[in-house]
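**Student:** Here's a sequence, model it:
(4 chains)
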Protein chains: 4
Amino acid sequence: MAGNSFGTLFKLSTFGESHGEALGGVIDGCPAGISIDLNAIQFEMDRRKPGQSAIVTQRKEPDEVRFLSGIFEGKTTGVPIGFIIENTNQKSHDYSHIKDSYRPSHADYVYEKKYGHRDYRGGGRSSARETASRVVAGAIAKQFLKDISFQAYVSAVGPIEVKTPYQDLDFSEIEKNAVRCPDPKKAAEMEAYIKDIRKEGDTVGGVVTCVIQNVPIGLGEPAFDKLHAELGKAMLSINAVKGFEYGSGFAGARMKGSQHNDLYNPDGSTQTNHSGGIQGGISNGMDIYFTVAFKPVATIMQSQPTIDKDGNIVEMHGKGRHDPCVVPRAVPIVEAMAALVIADYLLIQKAYK
Amino acid sequence: MAGNSFGTLFKLSTFGESHGEALGGVIDGCPAGISIDLNAIQFEMDRRKPGQSAIVTQRKEPDEVRFLSGIFEGKTTGVPIGFIIENTNQKSHDYSHIKDSYRPSHADYVYEKKYGHRDYRGGGRSSARETASRVVAGAIAKQFLKDISFQAYVSAVGPIEVKTPYQDLDFSEIEKNAVRCPDPKKAAEMEAYIKDIRKEGDTVGGVVTCVIQNVPIGLGEPAFDKLHAELGKAMLSINAVKGFEYGSGFAGARMKGSQHNDLYNPDGSTQTNHSGGIQGGISNGMDIYFTVAFKPVATIMQSQPTIDKDGNIVEMHGKGRHDPCVVPRAVPIVEAMAALVIADYLLIQKAYK
Amino acid sequence: MAGNSFGTLFKLSTFGESHGEALGGVIDGCPAGISIDLNAIQFEMDRRKPGQSAIVTQRKEPDEVRFLSGIFEGKTTGVPIGFIIENTNQKSHDYSHIKDSYRPSHADYVYEKKYGHRDYRGGGRSSARETASRVVAGAIAKQFLKDISFQAYVSAVGPIEVKTPYQDLDFSEIEKNAVRCPDPKKAAEMEAYIKDIRKEGDTVGGVVTCVIQNVPIGLGEPAFDKLHAELGKAMLSINAVKGFEYGSGFAGARMKGSQHNDLYNPDGSTQTNHSGGIQGGISNGMDIYFTVAFKPVATIMQSQPTIDKDGNIVEMHGKGRHDPCVVPRAVPIVEAMAALVIADYLLIQKAYK
Amino acid sequence: MAGNSFGTLFKLSTFGESHGEALGGVIDGCPAGISIDLNAIQFEMDRRKPGQSAIVTQRKEPDEVRFLSGIFEGKTTGVPIGFIIENTNQKSHDYSHIKDSYRPSHADYVYEKKYGHRDYRGGGRSSARETASRVVAGAIAKQFLKDISFQAYVSAVGPIEVKTPYQDLDFSEIEKNAVRCPDPKKAAEMEAYIKDIRKEGDTVGGVVTCVIQNVPIGLGEPAFDKLHAELGKAMLSINAVKGFEYGSGFAGARMKGSQHNDLYNPDGSTQTNHSGGIQGGISNGMDIYFTVAFKPVATIMQSQPTIDKDGNIVEMHGKGRHDPCVVPRAVPIVEAMAALVIADYLLIQKAYK
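**Tutor:** Just a heads-up that it's a prediction; the model follows:
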């Protein structure tokens, strides 16, 4: 337990806080003989890191990964892969003001109640900085799963939504704009909106959609470790996530069976895919697609009344560097978590085959 | 792994198929000294069981639980609680027609691909009958957590939705109608709608909302075992679930931080509760509330073209006894899974306090 | 946690006390398609059960297993296998005298301190009766691992030891005597000794040796889940076990490296096998052999002074039916646990290959 | 799984090879608010490290720990503690000769068969260097368990044994000699013997005894996670361990119940302690004591014939720096693993109380 490991056979254990010395982790169970492309890993890190564009937090971190074990002559050896990412740009003085008060809708209050002694700087372990370790591991998982594709994108920022089904979107557009939205017109709208939000000193939520293609049939372990249940847990564990749906999702709740059922083609594929590639909790070979809802980040630059340790009302003015909208940086995190789940479940399926 | 256990310190392991001899399970980790009210357990079973009303499947099962260990002189002894529920009303001949074909949107196809040798009768292990074991364990968990209340209800059937926030609903109405909707007017609409759906030989989806009150502060283990992530996995593991959201959910993605943040009262409670009682993955003492989306059950009484083992197109006509809408029976299952999560996480928090 | 599950991919969860209604368990993760020979399972149960000969406890239990799920048309379906074994011959009145006192060297005292409310009859969950469930699961594991042989035997009863190396013993002799010792002369000595011990109302300890042959290379997961470490945990979890050693064992501690090293043959096999078939925690294809030490059972028919709940000294006179020496019945339990470990680790190795 | 994590609530995950960049680990679940004395940790590291005396390997490593997270203002914060130990004194050229051959009784052969691609230098992950991470975590566990004492010592080197029971030994002598034996006369014998063994280019095995005092009653989770079973697994996972026994151990197998039973004193303590402080798998408050047998390290400086990748017989001459006898350095590792087990089981017991 203890909450900081994810996976059974392909397992990631992480550590690290926003203002500590370094973040890092251990990947245990990556099979041996996988060629590791370090540039591809750094590419994923760069997609996640702060300071990457005008619409995210301006904290500058190189987020360079240092691998300490488990890779020899460019290939995995099957033993644990340890890695660290040094924190270089903490501005801890920015946080002295919250030492004794609790920022609204942050984890400060609950961490105090749960742990007693907490590192208040930058949110400590509750900070999204912790997700850097997940992206490293997800990048390794992607290289293990080289035939499976993981593509996430921003499908909504506040009220601005991409209504086009993913099959009709051009994924090559995703990395061409700062928002990571494959619809260039919507992307421009979203970017402008986020800049306005930033000027107001406010934040806004959004939605990330993810598509996994070329998944083998048979991944998933009913009754409790259904594939979509594990994907849901993985996504809900990402900071600021409020909801998860896959396939037809909440819309499916309004449909009739005669409309919702996916009929078979002779080769076992289905004509429609409301199932989202998973039936009975097991992958059926069709595309897996799901969406993840992110609330607006709680740190806003506007004043908010809050309380201190003794229950006094105090004025909290946001300081530090923050994201007006977290979803562009969440895209590689969603892909990383999806890759970790698929890697783990693929190994489990190999065991039982 | 292997998928049939749920929980770490309060752990349930289940077995049993729709047309096997019996279902059952083992509850490991229920603390000693808890008084067990067997009638209360049977009450939960009766809320879940088939044949309970005109709007659910007409399979008649008494669903009586037989406890085999772990309870002595009316109290738990801290050792594993084994239990079984005999199947009495299987009509296996109803399923001979699907021995070699795959019902659309069921798990037949993926089970064949994953396991090879499968029990095709009634869906085997993929059948929702498996949830009977969960309700037994959830009922025990509820008795362990006697000060915490778990209340779920149907908040949507197809297009018919309850828009009233839960705080303004009368929970005493829930068990007074077959749908388990606390708004009597909506309940009547839903019941009529489901009967029409049944006449059409079709099925429809729905939504269940759940409220957990009086949760202690501090439950949840970041970064990966956040309380809402575990609740999400628990709910997504229930048959037919397509989505999960908590607190502001998907609506929160459209909000700004200035609107979404929950400001503190001097005593640590919050003025609003978009957080849904969980911040940073840890309970903060406020009500936990979430919604679960259910797709329409895949077994419909209308004819559907499908394929057989050899890829031939065959006509599938639904036989057997089925639910036109599963959400009334899902209400106790949602509560049961919520109780299992809270019991587990409460024990974990006790360890670390 | 909660202590009543064993294994990760091939997992057994058990329940049941000595004087409860029934024992049982769930085997989760046995691959699909394995033919199950129920007679072979009953054979293993009969090797373990009480009342089987004059040198064990005279409690008569048929120990018949009833399978409730997971086996269809004689083969496993890959879903959990639930089973129960009804208790028929509890003589609970035999235990009324220990309701408020603690039998020396039994678990009564610690169970009271740990759990508060305990089932005192027959030792409750602490009774070796619980091992019946392990033998069922081990029998299934053996059928899954049909090419691997598991052979255990009694190599010592009290001071009477078999000094012959296992390679020079005739395993076909093991089931021909009540002691399960492959040396007929020693077996006769042991049987006579046990009968004397019984007349004295006393008990005696013993040693079981186990040989596993034809294990594939590569089973074991360093650094913490080394194969011999898991075997050790498995054996130490059996009632009354005080020690475990494998390969050269404690004797190896007295040897020099030049004597102890196993030199290679060109085909990778080794000329000697002090390693006991496991190097660096991973199987190397040679025979795995280990020994397990059992203390004398704590229940003796002689009077012993002990204490009651209030710390008063009371006289305890052993009643009920007990084993003078447990090792003949422990032989199938040792094999069962070994099979569970090998099954689990074989699946894990399959995943990573 | 994947083998590189130990524990459930107090969990250690490690990484690192003999000739990699660094070793390290993550401790997840150490409760918050524990004061951390870094000097005490370095002291334990110094007890384990190579180059500490004339009777161990001459590889010089400072083995300095760098903590990266989870400790703030000198106290734990309840979030994961990440740490690394840089390797500084690898002499990788010493190992070029074994790139394609397998050292007898080492893990080279099985690692090749299991993983394919392996880091051959210095044994890679199979090297005892990996235990440095365990000592760090064990040192933290000891500080958490400040009222419980863990004392291990060398009780045998080759044929030289300490026959005095631990209660009659002076533990203050342990750190006063290089062997870590509390009997100064035996220690001198052992030291001389080891030096002779070194001159011969050979190695020898030994035995470590460990005593844990002041353990609370109630630790241990039957039926499978009995306290002594977990201790056994912990010890058997240490490199070169061939056997584990606790309390009366293998000697208990020769005893009668009337001799072996520990009778109670009115206060619940026992007059004798053959049980070794654990009954029914649960601690009873008496001293826990156990012994661990270590085989002679496989790397000897004498020539040995062995095979290469292609099955050819080649001459292997030991190079590099090695331990003639590993047990003096194993003493802190045994204590560390014992502390990890007790910490984990103490948290589990807290949960259920």
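**Student:** Assign the closest residue to chain C within chain A to helix, strand or coil.
**Tutor:** Across chain A, the shortest distance to chain C (CB to the nearest CB) belongs to A:Ala351, at 3.8 Å. All C-beta atoms are positioned from the backbone trio N, CA, C, and that covers glycine. Counting by DSSP: H, G, I helix; E, B strand; the rest coil, the backbone at A:Ala351 sits in helix.
**Student:** pLDDT score for the nearest residue to it once chain neighbours are set aside?
**Tutor:** In this structure, A:Ala351 finds its nearest non-sequential neighbour in C:Ala351, 3.8 Å apart by CB to CB, 6 or more residues apart in numbering or on different chains. pLDDT recorded at C:Ala351 is 96.
**Student:** A:Pro332 and A:Gln259, how far apart?
**Tutor:** Using CB to CB, to the nearest Å, A:Pro332 is found at 35 Å from A:Gln259.
**Student:** Just the buried positions in stretch A:317-332, please.
**Tutor:** A:318, A:320-332 (16 or more other CB atoms under 10 Å in any protein chain shown).
**Student:** Those in helices, which ones?
**Tutor:** Cross-referencing these against helices under DSSP state H gives A:327-332.
**Student:** Of these, which is the nearest to chain B?
**Tutor:** A:Val327 (8.5 Å).
**Student:** And the strands in the stretch 51-200 of chain A?
**Tutor:** A:65-67, A:71-72, A:75-76, A:81-86, A:149-157, A:160-161 (DSSP state E, counting those that start in this stretch).
**Student:** Contacts for the second one next, please.
**Tutor:** When you say that, I think you mean strand A:71-72. A:36, A:77, A:81, D:117-119, D:124 (CB atoms under 8 Å, 6 or more residues apart in numbering or on different chains).
**Student:** Those into TSV, with extra columns for pLDDT?
**Tutor:** Formatted as TSV, the contacts of strand A:71-72 follow (pLDDT from 0 to 100):
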residue	pLDDT
A:Ile36	97
A:Thr77	94
A:Ile81	97
D:His117	88
D:Arg118	85
D:Asp119	86
D:Gly124	84
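**Student:** The worst-scoring helix or strand of chain A on mean pLDDT vs chain B: in contact?
**Tutor:** Across the helices and strands of chain A, mean confidence by mean pLDDT, DSSP states H and E is lowest for strand A:313-317: a mean of 84. Yes: judged by CB under 8 Å from any CB of the partner chain, strand A:313-317 comes into contact with chain B at A:Ile313.
**Student:** Dump the C-alpha coordinates for that strand into CSV.
**Tutor:** Taking Å, rounded to 0.1, in the frame of the first residue of the first chain, the C-alpha atoms of strand A:313-317 are listed here in CSV:
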residue,chain,number,x,y,z
ILE,A,313,-9.8,34.1,8.7
VAL,A,314,-6.8,35.4,6.7
GLU,A,315,-6.4,36.8,3.2
MET,A,316,-4.6,34.6,0.8
HIS,A,317,-3.0,36.1,-2.2
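**Student:** For stretch A:46-55, the averaged confidence score.
**Tutor:** Across stretch A:46-55, pLDDT averages out at 86.
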